[in-house]
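>>> Pasting a predicted model and its sequence here:
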Amino acid sequence: MKVLIFTLLLVCGTVAFRTQSTGVKGKLMCGSKPAAGVNLKLFDEDNGPDPDDVLDQKTSDSEGNFLLTGSSMELTPIDPEVRIFHDCNDQGSPCQREWVIRIPAKYITNGPEVKEIMDLGVLNLEIELDNESRSCAH
């Protein structure tokens, strides 16, 4: 009987986890020039001792364009965000400026295939955000 209950709990716990996916795209500029080679990471931001999950990571192309997509298996809804690491308008300061942009829940798809990708449009990285930070290791 204990084995049956344990097996049932194990199966129920496994089924409760579900694959969720998301995506984000856009174009990065530094002033009037495309921001090529900018590092971007798509994360599932997790609270507590569980580390954040990297869903995708890429660099912007020669025109500043990017597309990140990824999925994660989680019990609760994922909390996706894109992190942009850049040197635009930093006057030679050490490390890179880090922007964190949260992705709204409407862009989370149940299943491994993204159905709707969030379009950030054109972002000028010269802007200084109130909540931006610096990152030396990413």
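The structure has been received and is ready for your questions.
>>> which ones are touching N131?
Contact criterion Cβ atoms under 8 Å, 6 or more residues apart in numbering gives V100 as the residues in contact with N131. Where you see a C-beta, it was placed from the backbone N, CA and C, and this is true even at glycine.
>>> Any regions of the chain where pLDDT drops low?
The model of the chain has pLDDT under 70 over residues 1-16, 48-51.
>>> what residue lies at the spatial centre of this protein?
Computing the C-alpha centroid of the chain and ranking residues by Cα atoms, centre = their mean puts L42 first, at 2.1 Å.
>>> all strands for this structure, in order.
Counting by DSSP state E, the chain has these strands, from start to end: 18-30, 33-34, 39-44, 53-59, 65-74, 80-86, 96-102, 109-110, 118-124, 133-135.
>>> hmm, back to that, I'd like to know how far the residue nearest to the centre of the chain sits from D53.
L42 sits 9 Å away from D53, taking Cβ to Cβ, to the nearest Å as the criterion.
>>> Can you report how many residues neighbour the residue nearest to L67 when sequence neighbours are not counted?
Residue nearest to L67 in three dimensions, not counting chain neighbours: K25, with 4.4 Å by Cβ to Cβ, 6 or more residues apart in numbering. Here the number of neighbours of K25 (other Cβ atoms under 10 Å) works out to 15.
>>> List the contacts of K25.
N65, F66, L67, L68, I117, M118, D119, L120.
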